[in-house]
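**Q** Predicted coordinates and the sequence they were generated for:
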Amino acid sequence: MQQSSPIERLICALGATCATAILFACVPAVQQMGEPAPVTATPVDPNRATVQVEPVASSQDILGEWDIVNFDGHEPRRLSGSTRAAFADFGEKGVSLQIECNYSGASGTVRDGRFVSSPGQRFQTEISCGPEMEERERQLFSFFDRNPTVERLPDGRLLLTAGDTQLLLERPVQRRLANLLPPQDLLGEWRTVGITHYLEQGGHAGIGLTEVPGRIVFDGIEAEYSRCPQYKMAYRYTEAGVVEKIGGPNLPSSAIDCEPLTEKPFNPDMPLRWDVMKVLHSDPRLEKVDDDTILMSTDRYGVLLSKAACESLEQSDGYSETRIVDCASPH
């Protein structure tokens, strides 16, 4: 019996959820926002969020994705694996919410600088997170029932206030710039951990890739998947953390001559192994998840890559002994 690392357990859990067709599709969908030109990361300092504010006139002015930077003094991480960890995403008739384990939403609209809640059935997942996290979720999920003010700061972030509780939001394209990977840290071999498909209707679907052989390799000039070197490409790593393809062959639509990434599709929402190559050749954005893991993503897909050792616990048939084994795929 093997016990995978936390990142691999996250990917496996996501895959299992998707296999049962849940896919978190019941989370209210929001309008997807196009990415603006590269911008400078905004320092997270909630103490600055008290001056020169401009009331937001309507929901139309703030539609789309917003990361939670700070909620009542708590600063959540930006990513949980290949998906955003904490957000308040605005649609025309409400807001979709997550800050710890669970998803929820609140019905209402922004009018003349205030979120005006409206009665309606509220969906919420129910995953046990522990007392502290569950209390923070409860506070966030009920925050919008208090009809908070909604104001835009000079740097483009949003400040929502209800009583003495504040919620600070920032567009994901801006917040990710605080987690850019230095060029020298990109160099070397990366094993694939998992790939996620970001669904157009909201939610996501993913599969694990720990068992896939080969490595994604960056040498500062060229990048390749080591098992299919015929698709090696020249690249430039930009200041905005983008791997920009500047030379190399065109990529076919399927893995016709790359056996390790060949598989038959079984669900249109599920990503395929070959989609890893599509991401690599599509000017992907890079972002640190932790010290050994990065997210390589486009608008449609996110690929987790890791340099960390893959270690798992394996028990003998008689459960008499336990040993640590290397669970990394072959090079």
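**A** Received the coordinates, thanks. Not measured: the values here are computed from a predicted model. Residues are numbered from 1 along each chain as shown.
**Q** going forward, measure contacts and count neighbours with C-alpha atoms only.
**A** Fine.
**Q** what does stretch 209-223 contact?
**A** The contact list for stretch 209-223 (CA atoms under 8 Å, 6 or more residues apart in numbering) reads 8, 183, 186-195, 224-227, 232-236, 260-261, 273, 327-331.
**Q** out of the residues you listed, which are buried?
**A** Listed as buried from the contacts of stretch 209-223 are 8, 186, 189-195, 224-227, 232-236, 261, 273, 327-329; burial here means 16 or more other CA atoms under 10 Å.
**Q** For Ser107, give me its contacts.
**A** Contacts of Ser107 by CA under 8 Å, 6+ apart are Lys93, Gly94, Val95, Ser117, Ser118, Pro119, Gly120, Arg122.
**Q** Just put the residues you listed in CSV and tack on neighbour count.
**A** Converted to CSV, these look like this (neighbours: other CA atoms under 10 Å):
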residue, neighbour count
Lys93, 16
Gly94, 25
Val95, 25
Ser117, 18
Ser118, 15
Pro119, 9
Gly120, 9
Arg122, 10
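**Q** Show me those residues that map onto strands.
**A** Within those, residues falling in strands by DSSP state E are Gly94, Val95, Ser117.
**Q** and these as JSON lines, adding distance to Val212 and pLDDT?
**A** Output for the ones in strands among the contacts of Ser107, formatted as JSON lines (distance: CA to CA, whole Å; pLDDT from 0 to 100):
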{"residue": "Gly94", "distance to Val212": "41", "pLDDT": "95"}
{"residue": "Val95", "distance to Val212": "38", "pLDDT": "97"}
{"residue": "Ser117", "distance to Val212": "48", "pLDDT": "96"}
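**Q** ok, those vs Ser80, which is closest?
**A** Compare each of those with Ser80 using CA to CA and the shortest gap goes to Val95, at 20.0 Å.
**Q** What are the neighbouring residues in contact with that closest one?
**A** Here Val95 is in contact with Pro28, Ala88, Asp89, Gly105, Ala106, Ser107, Gly108 (CA under 8 Å, 6+ apart).
**Q** May I have the beta-bridge partners of it?
**A** Note on Val95: beta-bridge partners Phe90, Ala106, judged by DSSP bridges.
**Q** Please report the distance of it from Phe144.
**A** 9 Å (CA to CA, to the nearest Å).
**Q** Repeat that for Glu211.
**A** 43 Å.
**Q** Which one's more surrounded, these two?
**A** Shown here are Glu211 and Phe144; by other CA atoms under 10 Å, Phe144 has more neighbours (24 against 14).
**Q** Doesn't the more buried one belong to a helix?
**A** Yes: under DSSP: H, G, I helix; E, B strand; the rest coil, Phe144 sits within a helix.
**Q** quick one on the thing from earlier: what do Val95 and Phe144 both touch?
**A** Common neighbours of Val95 and Phe144 (criterion: CA under 8 Å, 6+ apart): Ala106.
**Q** picking up where we left off before, list just the nearest of the ones in strands among the contacts of Ser107 to Glu314.
**A** Of all those, Glu314 sits closest to Val95, with 44.2 Å by CA to CA.
**Q** can you pull out the strands in the stretch 51-200 of the chain?
**A** 54-55, 67-71, 79-80, 83-84, 87-90, 94-98, 103-111, 114-117, 149-152, 158-162, 165-170, 188-198 (DSSP state E, counting those that start in this stretch).
**Q** With Leu304 as the reference, name the closest of those.
**A** strand 188-198 (5.3 Å).
**Q** quick one: strands adjacent to the helix or strand immediately after the closest one in the chain?
**A** Using DSSP states H and E, the next helix or strand after strand 188-198 towards the C-terminus is strand 204-208. If you go by DSSP bridges, strand 204-208 pairs up with strand 188-198 (antiparallel).
**Q** tally of neighbours for Ala57?
**A** Ala57 has 16 neighbours, counted by other CA under 10 Å.
**Q** list the contacts for it?
**A** Val110, Arg111, Asp112, Gly113.
**Q** Ignoring the adjacent residues along the chain, who's closest to it?
**A** Asp112 (4.4 Å; CA to CA, 6 or more residues apart in numbering).
**Q** Output the strands of the stretch 51-200 of the chain as CSV; include the columns distance to Asn179.
**A** Putting these into CSV (distance: least, CA to CA, whole Å) gives the following:
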stretch, distance to Asn179
strand 54-55, 28
strand 67-71, 13
strand 79-80, 10
strand 83-84, 13
strand 87-90, 17
strand 94-98, 20
strand 103-111, 24
strand 114-117, 31
strand 149-152, 23
strand 158-162, 20
strand 165-170, 14
strand 188-198, 18
